[in-house]
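*Asks:* Sequence first, then the predicted structure:
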Amino acid sequence: MSGQETHDLEARDPDSVVDNSVTAGDLLVILRHAPHGSSWLREGLDTALVAAAFGQRVTLLFAGEGVLALLTGQTAGPLGQKGTHGVIDMLAMYDIDTLMVDGRALKSRGLCTDDLMLPVTLVEADGVVSLLQSHRLVLNF
Amino acid sequence: MASSEIYRYLSIENREIGLDPEGFLVDMGDWSPAVAEALAAEEGRILTEDHWEVIEVLRDFYSRYEMAPAMRPLVKSVGLALGAEKGKSLHLMRLFPDSPAKVGARLAGLPKPANCL
């Protein structure tokens, strides 16, 4: 993983650069499910929004299938249900801007940060451990 | 969230607008500026230019994110759209006393904000 890539997005936004310092906050929400198919992702995002509305510092970790939540070009589901991309887009309005992505989950799906709709910070295995340690509360979805 | 059950009707422009028990529109498509004025009148409010621009921010927020904002994001989006001077909870409290996110969402024809405090 390299923070030196020449992608415009990465060059423009310092948030997307790999950051080895410990990210601390009140609540860490781990999202491990893809959009649609189940309500896990939406439930996790809703929880994060509620916490943020109450002024908690929230960090999101997209792991496993959860990384798919960040893909660009999403639409509503075939049954016309709302997608989760609107919520992802809205996170900044709730001051949730610490978005961590499990780098291995991204890579193993043939994806890179350019495929994602928001700037994120990549974490590797050790980084996940310190993320878990640096949050008072961890919720798994 | 708005309930889908019509609790009472608001008569306006020869139309019967369905409202839920908390006075939110059951069908968002019923909204018009005249409906907003009638809803405001029910609460004894008269909508001024300052109210309308916030209502517009609320409707933009919903059309973009498909969700009515809670107080914090409402303050933030008003600040972004109308300038820092207006992006203050004090300004919104003055315009929509008690609960700006909830009162504003109702007048803007949006569902009740899910994370409303």
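*Replies:* All right, it came through fine.
*Asks:* Need the single longest helix in chain A, by residues.
*Replies:* Determined from DSSP state H, the single longest helix within chain A is helix A:40-53.
*Asks:* Name the residues of it that come out as buried.
*Replies:* A:40-42, A:44-53 (16 or more other C-beta atoms under 10 Å in any protein chain shown). C-beta coordinates here come from the backbone N, C-alpha and C atoms, glycine included.
*Asks:* Show me what that helix is packed up against.
*Replies:* For helix A:40-53, the packing partners by 3 or more C-beta pairs under 8 Å, 6 or more residues apart in numbering or on different chains; DSSP states H and E come out as strand A:25-31, strand A:58-62, helix A:85-90, helix B:71-82.
*Asks:* helix/strand/coil for the residue of chain A positioned farthest from its centre?
*Replies:* The C-alpha centroid of chain A is most remote from A:Leu79, which lies 25.2 Å away (C-alpha atoms, centre = their mean). Of the three states, A:Leu79 takes coil under DSSP: H, G, I helix; E, B strand; the rest coil.
*Asks:* what's the answer for B:Ser11, then?
*Replies:* Taking three-state DSSP, the label given to B:Ser11 is strand.
*Asks:* per-residue confidence for it?
*Replies:* For B:Ser11, the pLDDT comes out at 84.
*Asks:* can you check B:Leu110 too?
*Replies:* 95.
*Asks:* do the same with A:Ser16
*Replies:* A:Ser16 carries a pLDDT value of 46.
*Asks:* re earlier: centre of the chain to the longest helix of chain A, how far?
*Replies:* 12 Å (C-alpha atoms, centre = their mean, to the nearest Å).
*Asks:* With distance to B:Glu37 and mean pLDDT as added columns, please give the helices and strands packed on helix A:40-53 in CSV.
*Replies:* Putting the helices and strands packed on helix A:40-53 into CSV (distance: least, C-beta to C-beta, whole Å; pLDDT from 0 to 100) gives the following:
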stretch, distance to B:Glu37, mean pLDDT
strand A:25-31, 41, 95
strand A:58-62, 38, 97
helix A:85-90, 29, 90
helix B:71-82, 21, 93
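*Asks:* For these, give me a markdown table that also has distance to B:Arg64.
*Replies:* Formatted as a markdown table, the entries for the helices and strands packed on helix A:40-53 read as follows, by distance: least, C-beta to C-beta, whole Å:
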| stretch | distance to B:Arg64 |
| --- | --- |
| strand A:25-31 | 21 |
| strand A:58-62 | 20 |
| helix A:85-90 | 7 |
| helix B:71-82 | 9 |
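*Asks:* which of these is buried the deepest?
*Replies:* Ranked by mean neighbour count, these are led by strand A:58-62 with a mean of 25 (mean count of other C-beta atoms under 10 Å in any protein chain shown).
*Asks:* Direction included, what does it pair up with?
*Replies:* With DSSP bridges as the test, strand A:58-62 is paired with strand A:25-31 (parallel), strand A:98-102 (parallel).
*Asks:* and the angle for it with helix A:40-53?
*Replies:* Angle, strand A:58-62 to helix A:40-53, by axes from the mean of the first three to the mean of the last three C-alpha atoms, to 10 degrees: 160 degrees.
*Asks:* Contacts for strand A:58-62, please.
*Replies:* Residues outside strand A:58-62 that contact it (C-beta atoms under 8 Å, 6 or more residues apart in numbering or on different chains) are A:23, A:25-31, A:48, A:51-52, A:69-70, A:91, A:94, A:96, A:98-102, A:105, A:120, A:123, A:128, A:131, A:135.
*Asks:* Cross-check the contact I'm expecting between A:Phe141 and A:Leu27.
*Replies:* No. A:Phe141 is beyond contact range of A:Leu27, at 12.0 Å (criterion: C-beta atoms under 8 Å).
*Asks:* Excluding chain neighbours, what is closest to the spatially most central residue of chain B?
*Replies:* In chain B, the residue lying closest to the centroid (C-alpha atoms, centre = their mean) is B:Ala105, at 2.5 Å. Using C-beta to C-beta, 6 or more residues apart in numbering or on different chains and skipping residues adjacent in sequence, the residue nearest B:Ala105 is B:Ala68, 4.3 Å away.
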